[in-house]
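# Below: sequence and its predicted model.
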Amino acid sequence: MNQARAIPVSTLRHTLVGCASCARATVTDPTCRTSVPPSAPTPRLRLSAFQRLAIATVLATLALIAIGGAVRATDSGLACPTWPGCFSAGDFLPPAGLNVWLEHTHRLAAGVVGLMIAALLVWAVVRHRDRPSVLWPAVGAAVAVNVQAALGALVVLHLLRAELVTAHLGMGMAVVGFLLYLTVNVSLPRPSRAQGAERDLRLARSSLAVAGLIYLQILVGGHVTGVGAGLAYVDFPALGLVTFAPVGSEAEAYNVAHRVLAVLLLAGVMVLLARARRLGASGWLLRLPRIAAWLVALQVLLGIANLASGLSFLSVIPHLAVASWLWAVLVLQTVLAYRLAPAGSGSGADRPSTAGALAGSSR
């Protein structure tokens, strides 16, 4: 029978110390028999000033939408009856009052967002005019924010006409979409010519369809508010959630459409999440659908809270804010899915890493 050979303690100590020193050495160290390459440093995401401004503008726009929801929920839309000033054309410092200053703050915030978008446009023209994927979204955001401002003036001058309120809200969401498209394009490396080949766009198209659905739902929801249809069926059992009584007015029609779209949106987000998993998506391409699923569930709960509270501002304001967040998440998912779509119909393993792509920003 063979017996194990004892190893002297001094030899063992020398071996362990040598291995440790070799582990710290570089591959070119001739004294190490086993060369161990040093671990690569973790790449850090460094944002350029233009990227930081773009992200800040997105956040400011989402905040502006939430303030607009507060104006609507507190019936402050006509607290300043003229435009652009509050009580006269040049009245930019109105007297104290909650409703007055809420509406005036909305206008001031809109001015700040407009200036930020103007700065993005000038910057894009000066530094990124050779990149259409950056320049044209900046142009689109600038046009959209000016149209939105004009619609805001018409909303006041036409005493909160429902169609104008809906268009004003929709244009605000369009501004968010343009800004997110710009932010992603300036953050990811420029697409190579090879990306022009046939690619697997199944996830991208699914994302686009669900993003279009939430945009339509936001427009219908805005019009529900504009025509005062939010409580059209609240006197029915279960707050009218499962009631589809004969539709006899515009308000009832929009209320039913809003509820049906909510069900379709919930189903669409679930299908998108399932498709992302089935296609092997990873990173943000899987994380964003998960976030959307949580947001749409929260949105449904806030909608029920609206009915239960009789449209209290405590639930109306977050209801609109969460809708804008859901729109932003789905737009971001759509843009990333198109930009990072793998070639052909390969599996998710062929999909570029979103985190890695975002870590390397191009000028």
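Yep, it's here. Residues are numbered from 1 along each chain as shown.
# Chain neighbours aside, what residue packs nearest to residue 209?
The spatial neighbour of residue 209 that comes closest, neighbours along the chain excluded (C-beta to C-beta, 6 or more residues apart in numbering), is residue 268 at 7.0 Å. For every residue, glycine as well, the C-beta is placed using N, CA and C.
# Looks to me like the one you found is in a helix.
Yes - counting by DSSP: H, G, I helix; E, B strand; the rest coil, residue 268 is found in a helix.
# Give the full set of residues in contact with it.
209, 210, 213 (C-beta atoms under 8 Å, 6 or more residues apart in numbering).
# element containing the first one?
Secondary-structure element containing residue 209, defined by DSSP states H and E: helix 202-226.
# buried set for that helix?
203-204, 206-208, 210-211, 213-215, 217-226 (16 or more other C-beta atoms under 10 Å).
# Nearest to residue 283 among the contacts of residue 268?
Nearest to residue 283 among the contacts of residue 268: residue 210, at 18.6 Å, using C-beta to C-beta.
# Disregarding residues adjacent in the polypeptide, which is nearest to the closest one?
The nearest residue in space to residue 210 (C-beta to C-beta, 6+ apart) is residue 268, at 4.4 Å.
# before we move on, the earlier item: what separation do you get for the residue nearest to residue 209 and residue 278?
For residue 268, the distance to residue 278 (C-beta to C-beta, to the nearest Å) stands at 15 Å.
# Residue 92 too?
Relative to residue 278, and taking C-beta to C-beta, residue 92 is found at 55 Å.
# those helices in the protein, which residues are they?
Ranges of helices within the chain are 9-24, 49-73, 98-127, 132-157, 162-187, 202-226, 250-278, 284-309, 313-339, 354-359, based on DSSP state H.
# would a markdown table of the ones you listed with distance to residue 233 and mean pLDDT be doable?
Below are these laid out as a markdown table (distance: least, C-beta to C-beta, whole Å; pLDDT from 0 to 100):
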| stretch | distance to residue 233 | mean pLDDT |
| --- | --- | --- |
| helix 9-24 | 70 | 42 |
| helix 49-73 | 20 | 96 |
| helix 98-127 | 29 | 95 |
| helix 132-157 | 27 | 95 |
| helix 162-187 | 19 | 96 |
| helix 202-226 | 12 | 96 |
| helix 250-278 | 6 | 94 |
| helix 284-309 | 9 | 96 |
| helix 313-339 | 17 | 96 |
| helix 354-359 | 43 | 40 |
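# I'd like those helices laid out as JSON lines, including distance to residue 88.
Compiled in JSON lines, those are given as follows (distance: least, C-beta to C-beta, whole Å):
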{"stretch": "helix 9-24", "distance to residue 88": "74"}
{"stretch": "helix 49-73", "distance to residue 88": "20"}
{"stretch": "helix 98-127", "distance to residue 88": "13"}
{"stretch": "helix 132-157", "distance to residue 88": "13"}
{"stretch": "helix 162-187", "distance to residue 88": "22"}
{"stretch": "helix 202-226", "distance to residue 88": "27"}
{"stretch": "helix 250-278", "distance to residue 88": "35"}
{"stretch": "helix 284-309", "distance to residue 88": "36"}
{"stretch": "helix 313-339", "distance to residue 88": "28"}
{"stretch": "helix 354-359", "distance to residue 88": "48"}
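# Quick one, which of those gets closest to residue 85.
Once the helices of the chain are compared by C-beta to C-beta, helix 98-127 is nearest, at 9.1 Å.
# Tell me which other helices or strands that closest one touches.
helix 49-73, helix 132-157, helix 162-187 (3 or more C-beta pairs under 8 Å, 6 or more residues apart in numbering; DSSP states H and E).
# okay, residue 231: pLDDT?
Residue 231 carries a pLDDT value of 89.
# can you give me phi and psi for it?
phi -110, psi 30 (degrees, to the nearest 10).
# my guess is it meets residue 309, correct?
No - between residue 231 and residue 309 there is no contact under C-beta atoms under 8 Å: 10.3 Å.
# Would you mind telling me which of these two has more residues around it?
Higher neighbour count among residue 231 and residue 309: residue 231, with 16 against 12, using other C-beta atoms under 10 Å.
# Just send the contacts of residue 268 back as a markdown table, with distance to residue 156 too.
A markdown table is the format used below for the contacts of residue 268 (distance: C-beta to C-beta, whole Å):
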| residue | distance to residue 156 |
| --- | --- |
| 209 | 35 |
| 210 | 34 |
| 213 | 31 |
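# What is the nearest of these to residue 87?
The closest of the contacts of residue 268 to residue 87 turns out to be residue 213 (C-beta to C-beta; 41.3 Å).
# Am I right that the closest one is in contact with residue 263?
No - Residue 213 is not in contact with residue 263 according to C-beta under 8 Å; the separation is 10.9 Å.
# Give me the distance between the spatially closest residue to residue 250 that is not a sequence neighbour and residue 246.
Nearest non-adjacent residue to residue 250, counting by C-beta to C-beta, 6+ apart: residue 227, 5.9 Å away. For residue 227, the distance to residue 246 (C-beta to C-beta) stands at 18 Å.
# Between those two, which is the more surrounded one?
The neighbour comparison of residue 227 against residue 246 (other C-beta under 10 Å) goes to residue 227, with 20 against 5.
# what pLDDT does the more buried one get?
92.
# Alright, calling it a day.
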